[in-house]
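*Asks:* With the input below, show me the fold.
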Amino acid sequence: MKFPLVLLALASLALPLRSPAEDVIRVGNLKFVHYGTIAYMKEIAPRYGLRIEEKIYAKGIDMLPELMQGTLDLAASAAEGAIEARAAGAPIYIVAGFAAGGARIVGRSDEKWKGSASLKGKRIGVARGSAQQMLLLAELATLNFTPSTEPGRDVQIVYLPFAKLNEALEKREVDAVCHSEPQASQAITKGFGVDVTKPYKTVIGEPVRALTMSEKLYQNRALALRVMTCFVDATKTFLEQPQLASKYVRETFFAGKVSEEDYRLAFENARFTYDVNPAQIEAITDFMIHQKLGVVLNVTNRPTSAVEWVRTDLLTEARVALGVVPTAQPGESEHTLKTEVRK
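*Replies:* You can find the predicted model right below:
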């Protein structure tokens, strides 16, 4: 009876084919415009023998349980999320930076604002346990403002989910919000918010977004290098082809919910990069401990020194493979290196 065998052979041809060398990489990501390169990795993953399974989270710290359980191979978050995870014992390394900037304090458009000094006496909305909370507290510290969740202090902090911040600002339930992009820019383009300040001139500097890798993946050198080369390729593509980056982030990553104007304004306040600096990770850790900021981080379980768990050797090798070299510009610190593509 050869006929059934022929049918089975024909049926097998209709099934999607996977390369036998295709390795599945589980990636945690967040829904902000400057996280677009991480999302784009899954589009080019097959050229590196990879299949990327992306899962979107509300906040970086929400990835902690899966990082602890080892069910994520790669995670994209603000540095504070990676620091908290490492402090809690998650077996991870920071292997790259993928974005910088991307945060803004936005105030009600019906009020007069003269920079962050105008925040005194105001109600400010922010997501608890987020990088924006850390940035807001750092900004208030530079002004010697005392924050509290109760009225009567210099600033009243109102904790809200990310998805409720713009709604609260539009309804005048808060006077300002510390938000990420593109949501901060959308408040401005829709007319109910105005730019108050970008909270970067503090002890922790411009916010850095960290790409973390599980120790298990890191120890599989050949596979880890393919993953890192995929990341460098995605970033290189977005830096060289900004129109492609805009189209992909707006139309695919955000399913058409971000306008060209939202994207343009957001990227006046954010940039894609490859770089991460252990010194800045250490400074952020110090600030978080001092402020007792975070879900798990405290003095008793401080992570080891950043130089021990910020590992950029894979990044360096991937850059070399793709001809990408970092170039310091005059007046720039190490963690704000610009990146050129060797022609």
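*Asks:* Contacts for stretch 133-144, please.
*Replies:* Identification of contacts with stretch 133-144 by CB atoms under 8 Å, 6 or more residues apart in numbering yields 78, 80, 103, 105, 116-117, 119-120, 124, 126-127, 146-147, 154-155, 157, 178, 197, 199-204, 207, 284, 287-288, 291, 293. Any C-beta I mention is one placed from the backbone N, CA and C, and that applies to glycine too.
*Asks:* Which residues are in contact with residue 265?
*Replies:* 182, 185, 188, 189.
*Asks:* give me that answer again for 6 Å
*Replies:* Residues in contact with residue 265, defined by CB atoms under 6 Å, 6 or more residues apart in numbering, are residue 185.
*Asks:* what helix or strand is it on?
*Replies:* Residue 265 belongs to helix 260-266 when assigned by DSSP states H and E.
*Asks:* and residue 98, backbone torsions?
*Replies:* With angles defined as degrees, to the nearest 10, residue 98 sits at phi -120, psi -10.
*Asks:* What's the separation between it and residue 30?
*Replies:* Distance, residue 98 to residue 30, using CB to CB, to the nearest Å: 11 Å.
*Asks:* And residue 217, by the same measure?
*Replies:* 20 Å.
*Asks:* Can you list the low-confidence ranges for the stretch 151-300 of the chain?
*Replies:* 297-300 (pLDDT under 70).
*Asks:* quick one, strands of it?
*Replies:* Along the stretch 151-300 of the chain, counting by DSSP state E, counting those that start in this stretch, strands occupy 155-159, 176-180, 193-197, 208-214, 270-272.
*Asks:* could those strands go into CSV alongside mean neighbour count?
*Replies:* Output for the strands of the stretch 151-300 of the chain, formatted as CSV (neighbours: other CB atoms under 10 Å):
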stretch, mean neighbour count
strand 155-159, 18
strand 176-180, 29
strand 193-197, 21
strand 208-214, 27
strand 270-272, 23
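*Asks:* Any chance of CSV for those, columns distance to residue 111?
*Replies:* CSV is the format used below for the strands of the stretch 151-300 of the chain (distance: least, CB to CB, whole Å):
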stretch, distance to residue 111
strand 155-159, 15
strand 176-180, 9
strand 193-197, 8
strand 208-214, 31
strand 270-272, 25
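*Asks:* Ok, which of the ones you listed comes nearest residue 43?
*Replies:* Evaluated with CB to CB, the strands of the stretch 151-300 of the chain place strand 270-272 nearest to residue 43, the distance being 15.2 Å.
*Asks:* other SSEs contacting that closest one?
*Replies:* In terms of contacts (3 or more CB pairs under 6 Å, 6 or more residues apart in numbering; DSSP states H and E), strand 270-272 is packed against strand 92-101, helix 221-240.
*Asks:* quick one on the thing from earlier: now for the strands of the stretch 151-300 of the chain, which one comes closest to residue 314?
*Replies:* Proximity to residue 314, assessed across the strands of the stretch 151-300 of the chain by CB to CB, is greatest for strand 208-214 (7.9 Å).
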